[in-house]
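Enquirer: any chance you could fold what I've pasted below:
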Amino acid sequence: GPDSEWEQIKNGYIKMISSAKESIFIQTPYFIPDASLLDALRIAALSGKDVRLMIPNKPDHMFVYWATYSYVGELLKAGAKIFIYDNGFIHAKMIVVDNMIASVGTANIDVRSFRLNFEVNAFIYHRKTAEKLATIFYNDMKLSHELTFQQYKERSALIRFKESVSRLLSPIL
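Expert: The predicted structure follows:
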């Protein structure tokens, strides 16, 4: 929380992502990473890791929704797979790496969760639990559609404008 000198949850996520050998699965309602987390995910995707991000189809905060889409584009370009959850608003906050370690908790992937809000996440070093969470992710993929890089590139000028404005505001979202 704001009373801590370190961003423990974000640092834990970066450690998990950096240690990945095969896969990184993330579910989050808000994806507004800072440069260090975005770089870690981009490097993982460019290194051939199976990076999958699941975000909601239905926004609850428009600026956050469009800012999320601006960051998603960078991951798509690096080779990550993006899934849009179609079965309502997904509020899960989970990361699973290599079906071996996982984190579940209250923290979104945004500056507010990492620096301003009091959040709690469990970091789970138990293979069977991580495998169960990966199964949940796979089941949720069946209720999602994949956003391809081609589809992303073909979005309208209006959507690009909304993303740009929202991205400018992302440090305060």
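Enquirer: which residues of this structure score low on pLDDT?
Expert: Scanning the chain with the threshold set as pLDDT under 70 gives 62-63, 66, 163-173.
Enquirer: all helices of it, in order?
Expert: All helices of the chain, identified by DSSP state H, fall at 8-19, 35-46, 62-78, 111, 127-141, 149-153, 157-169.
Enquirer: need the winner for burial among those helices.
Expert: helix 62-78 (a mean of 20; mean count of other Cβ atoms under 10 Å). For the C-beta atoms, the positions are set from N, CA and C on the backbone; glycine is no exception.
Enquirer: that helix - contacts with which helices or strands?
Expert: helix 35-46, strand 50-56, strand 81-85, helix 149-153, helix 157-169 (3 or more Cβ pairs under 8 Å, 6 or more residues apart in numbering; DSSP states H and E).
Enquirer: what lies in contact with the third one?
Expert: By Cβ atoms under 8 Å, 6 or more residues apart in numbering, the residues outside strand 81-85 that reach it are 27, 50-57, 72, 75-76, 140-141, 143-147.
Enquirer: wait, M54 sits on D140?
Expert: Yes: using Cβ atoms under 8 Å, M54 is in contact with D140, at 6.2 Å.
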